[in-house]
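Return atomic coordinates for the entry below.
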Amino acid sequence: MPFHYQLYDYWLRSTGVWVSPLLTLNVDWLNESEISAIAQIHALERVEFGIKMSWEYRKKLDSDYMSWCVNTKHPNLVFTNKSISHNSAPSIFSYQMRDPNRLVMSVGKYEETIVLASYNKRLREQRYEGKLMRRLWEKKVDATIAPLTMVS
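Residues are numbered from 1 along each chain as shown. Predicted structure coming up:
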């Protein structure tokens, strides 16, 4: 069983394509070479798994991506391939599983909460210095991902 079991289970239920009025987001697992690249950046030895997210904005011609992984030696930390702010080193987020369907990740003054409301609906909230910047409902549209039973 993975050390970061609750986080693994959460992302297992979150992989796929999510859409909102703002963007289309693709969530998938990292492959071995992608994990190795992040492990090398952060000098990690016992990486368990990793996630990649890529997104395209719906109303402007812009896209981006971010990848991250977890390490058994570092509970409640997520190691990224880049920073959320430009021109700085890759970020290390802290994370908390508030319950099996609610993930809170933070770095510095930034915090993001993602709540799985059902297998195909989730709420994402982004805060800076505790102030709500954005609240988005996202719907899963990837039909290749079979619905999984929600953990309650």
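
Going by C-alpha atoms from here, please, whenever you check contacts or count neighbours.
Will do.

Could you identify the longest helix within the protein?
The helix that spans the most residues within the chain, counting by DSSP state H, is helix 32-42.

mind listing what's buried in the helix or strand just after that one?
Heading C-terminal from helix 32-42, the first helix or strand you meet, by DSSP states H and E, is strand 47-57. In terms of neighbour count (16 or more other CA atoms under 10 Å), strand 47-57 has its buried residues at 47, 49-53, 55-57.

Please list the outside residues in contact with the longest helix of the chain.
Outside helix 32-42, the residues that touch it by CA atoms under 8 Å, 6 or more residues apart in numbering are 45, 47, 49-50, 68-69, 79-81.

go with 7 Å
45, 50, 69, 80-81 (CA atoms under 7 Å, 6 or more residues apart in numbering).

which of those residues count as buried?
Here, 16+ other CA under 10 Å leaves 50, 69, 80-81 buried among the contacts of helix 32-42.

For these, give me JSON lines that also has secondary structure and pLDDT.
JSON lines is the format used below for these (DSSP: H, G, I helix; E, B strand; the rest coil; pLDDT from 0 to 100):
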{"residue": "Gly50", "secondary structure": "strand", "pLDDT": "95"}
{"residue": "Cys69", "secondary structure": "strand", "pLDDT": "96"}
{"residue": "Thr80", "secondary structure": "strand", "pLDDT": "94"}
{"residue": "Asn81", "secondary structure": "coil", "pLDDT": "94"}
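
could you dump those residues to JSON lines with distance to Leu12?
What follows is these, written out as JSON lines (distance: CA to CA, whole Å):
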{"residue": "Gly50", "distance to Leu12": "11"}
{"residue": "Cys69", "distance to Leu12": "14"}
{"residue": "Thr80", "distance to Leu12": "19"}
{"residue": "Asn81", "distance to Leu12": "20"}
